[in-house]
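Peer 1: Output the structure for:
(chains A and B, ligands or ions: 1)
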Amino acid sequence: MLILDCPWCGTRDQSEFHCHGEAHIARPTDTEKMDDKAWGEYVFFRTNPKGIHYERWTHDHGCKRWFNAVRNTATDEFLAFYKPGEKAPAVGSDQ
Amino acid sequence: MTISTAAVATTPLSHLQRIAGNVALSERELCGKVSLRGELEDSAFVAACEKVLGSAPQPTLNKPQQLAAGTLYWIGPSEWLLHCDIDTAAETVLSLQQAAEGAHLSTVDVSDYYVVLRLEGVYAREVLSRGTPLDVHPRSFQQGEAVSTRFAKCSVLLHAHDDSCFDLQVRWSHAEYLWQFIAQAASQYN
Ligand SMILES: [Zn+2]
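Peer 2: This is a model prediction of the structure:
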């Protein structure tokens, strides 16, 4: 069981949330020039690290808002929570 | 044959018997519910709310505001829900829309989207703890507080009126499921 800190609601149980995968994937702006390989990489390929992972979550049963979290995928420890639009914090081995 | 055009309020729980005892469960009479969205940095939004609701919404997490227009719940950043008299809901929406001229404001009458259950009794907190991951111990969930959380598989807005009286607002179509879950959890105390 994981415990998360929603940037608005505070500390809540994992079952109130949903994870939406890797964060900070910028949508390409030159889409008309992209080939299938570039599209494939944008749509399907993720870093999938063992360790520090920046990811997107929603607080489905609470404020229903999106936010970002930094989680260690090896230990399931959360290192930071921050609102959309905020700069991704440098944490752990990223520093 | 005459066809009545008068609106009739119905409930998804009309076929269920209210539960009495150490844990009591009932449905609250239909009240007006108005969703409200806007930014507190927008002075036109705040002015419209002050004019129609009697006071500006606050980012008061967990603490419902008692306004002239009714009870205002914080739902999320830039979102609130007003509980008011059912007869004033439509009028409140209209007044807000008119007062919002120029403001970025969204308001919808959602009175029939939700049902409110009332759970009462000395073991009410025990029953709550069967369904929600929220810490419902009085040290952390206090009298007068309201929190959006999960109960069983539903999203609920849980309001602690006092130590033994709680309201659970739930979506209409989830109401019977929530009722049956609570009824079963309550059965061991009654
Ligand atoms: Zn939240």
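Peer 1: Stretch B:181-190 near chain A at all?
Peer 2: No. Stretch B:181-190 lies out of reach of chain A by C-beta under 8 Å from any C-beta of the partner chain, never closer than 15.0 Å. Bear in mind the C-beta positions are built from the backbone N, C-alpha and C, glycine included.
Peer 1: actually stretch B:96-116, not the one I typed
Peer 2: No. Judged by C-beta under 8 Å from any C-beta, stretch B:96-116 makes no contact with chain A; its nearest approach is 14.2 Å.
Peer 1: starting at the chain centroid, how far to that stretch?
Peer 2: In terms of C-alpha atoms, centre = their mean, to the nearest Å, the centre of stretch B:96-116 is found 15 Å from the chain centre.
Peer 1: Tell me the spacing between the residue nearest the centre of chain A and residue B:13.
Peer 2: With distances taken as C-alpha atoms, centre = their mean, chain A has residue A:55 as the residue nearest its mean C-alpha position (1.2 Å). According to C-beta to C-beta, to the nearest Å, residue A:55 stands 39 Å off from residue B:13.
Peer 1: What parts of chain A come near chain B?
Peer 2: So far as C-beta under 8 Å from any C-beta goes, chain A lies against chain B at A:8-10, A:12-13, A:15-16, A:60-65.
Peer 1: Take the residues you listed and keep only those in strands.
Peer 2: Counting by DSSP state E, the residues of chain A next to chain B place A:10, A:12-13 in strands.
Peer 1: Turn the residues you listed into TSV, including neighbour count.
Peer 2: Output for these, formatted as TSV (neighbours: other C-beta atoms under 10 Å in any protein chain shown):
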residue	neighbour count
A:10	12
A:12	23
A:13	17
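Peer 1: Pipe these into CSV and attach pLDDT per row.
Peer 2: Putting those into CSV (pLDDT from 0 to 100) gives the following:
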residue, pLDDT
A:10, 96
A:12, 97
A:13, 98
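Peer 1: Let's have these in CSV, adding distance to the ion.
Peer 2: Below are those laid out as CSV (distance: C-beta to the ion, whole Å):
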residue, distance to the ion
A:10, 8
A:12, 7
A:13, 12
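Peer 1: Each with direction, which strands does the one helix or strand residue B:72 maps to pair with?
Peer 2: Taking DSSP states H and E as the criterion, residue B:72 maps to strand B:70-76. Strand pairing for strand B:70-76, determined by DSSP bridges: strand B:65-67 (antiparallel), strand B:79-84 (antiparallel).
Peer 1: could you say what helices and strands the helix or strand containing the residue nearest to the centre of chain A packs with?
Peer 2: Using DSSP H and E, the element containing residue A:55 is strand A:52-58. Under the contact definition 3 or more C-beta pairs under 8 Å, 6 or more residues apart in numbering or on different chains; DSSP states H and E, strand A:52-58 sits against strand A:18-22, strand A:66-72.
Peer 1: and among these, the most buried is which?
Peer 2: Comparing the helices and strands packed on strand A:52-58 by mean neighbour count (mean count of other C-beta atoms under 10 Å in any protein chain shown), strand A:66-72 ranks first with a mean of 20.
Peer 1: in the longest strand belonging to chain B, what counts as buried?
Peer 2: Counting by DSSP E, the longest strand found in chain B is strand B:154-162. Within strand B:154-162, the residues scored as buried using 16 or more other C-beta atoms under 10 Å in any protein chain shown are B:154-160.
Peer 1: Run through the bridge partners of the residue nearest the centre of chain B.
Peer 2: Nearest to the mean C-alpha position of chain B, by C-alpha atoms, centre = their mean, lies residue B:169 at 4.5 Å. Beta-bridge partners of residue B:169, counted by DSSP bridges, are residue B:116, residue B:157.
Peer 1: mind checking how far it is from residue B:83?
Peer 2: Note on residue B:169: its distance to residue B:83, by C-beta to C-beta, is 8 Å.
Peer 1: Then residue B:40?
Peer 2: To residue B:83, residue B:40 is 20 Å away according to C-beta to C-beta.
Peer 1: same thing with residue B:43?
Peer 2: Distance from residue B:43 to residue B:83, by C-beta to C-beta: 26 Å.
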